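Engineer: make a model of this:
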Amino acid sequence: MEKIRKHIFSGTHGRIFAFTAPAKFSLDSGVLELKCLLLTLLKLDDLDLRFVAIRLNHVRFMDSSALGELTSWHTKLSSKGIQLLLVKPSDKVLQHLEISKLESVFQIRFSRRKRMAQHDSKQRSTV
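Structural biologist: Here you go, the predicted model:
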């Protein structure tokens, strides 16, 4: 229980469970830990959780099991009224999401600098 509570924060829009994925995000590194934490989290009724935020800025390698788990948890959490947020995904993670056509499935939160760079590149492509 204490392990869960250290990941929970109160934000402006509600309570947030935050998890930082390791540089190698795969079945043997990070995915099982996240799965265990989320399974425990869903058993707790008193948390009034609104968001699960997974920080992906350090991820340099992500395998298909990690992508599958994120997709599965997106569905499970949505059914409970909890939004899954992918926060500051690395370029490698974005590449996986684009290749698998999942970038529109997830709510993705970028750093301000990355948002500005993406906005600039979209403007250049329309010129």
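Engineer: list the beta-bridge partners for F17.
Structural biologist: As for beta bridges, F17 partners with I8, V52 under DSSP bridges.
Engineer: could you report the neighbour count for it?
Structural biologist: Under the neighbour criterion other Cβ atoms under 10 Å, F17 is assigned a count of 22. C-beta here means a position set from N, CA and C on the backbone, and glycine is covered the same way.
Engineer: and it, what does it touch?
Structural biologist: For F17, the contacting residues are 4, 7-8, 37-38, 41, 47, 49, 51-53, by Cβ atoms under 8 Å, 6 or more residues apart in numbering.
Engineer: dump the residues you listed into CSV; add neighbour count as well.
Structural biologist: Listed next are the contacts of F17 as CSV, based on neighbours: other Cβ atoms under 10 Å:
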residue, neighbour count
I4, 16
H7, 15
I8, 14
L37, 16
L38, 22
L41, 19
L47, 14
L49, 19
F51, 19
V52, 24
A53, 21
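Engineer: so among the residues you listed, where is pLDDT lowest?
Structural biologist: When the contacts of F17 are sorted by pLDDT, the bottom entry is L47 at 73.
Engineer: buried residues, stretch 10-17. List them.
Structural biologist: Applying a neighbour-count criterion of 16 or more other Cβ atoms under 10 Å, one finds 16-17 buried in stretch 10-17.
Engineer: what's the first-to-last distance across that stretch?
Structural biologist: Start-to-end span of stretch 10-17 (Cα to Cα, to the nearest Å) is 9 Å.
Engineer: hang on, the earlier thing: tabulate the contacts of F17 (a markdown table), appending distance to K80.
Structural biologist: A markdown table is the format used below for those (distance: Cβ to Cβ, whole Å):
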| residue | distance to K80 |
| --- | --- |
| I4 | 15 |
| H7 | 17 |
| I8 | 15 |
| L37 | 15 |
| L38 | 11 |
| L41 | 10 |
| L47 | 11 |
| L49 | 8 |
| F51 | 12 |
| V52 | 10 |
| A53 | 15 |
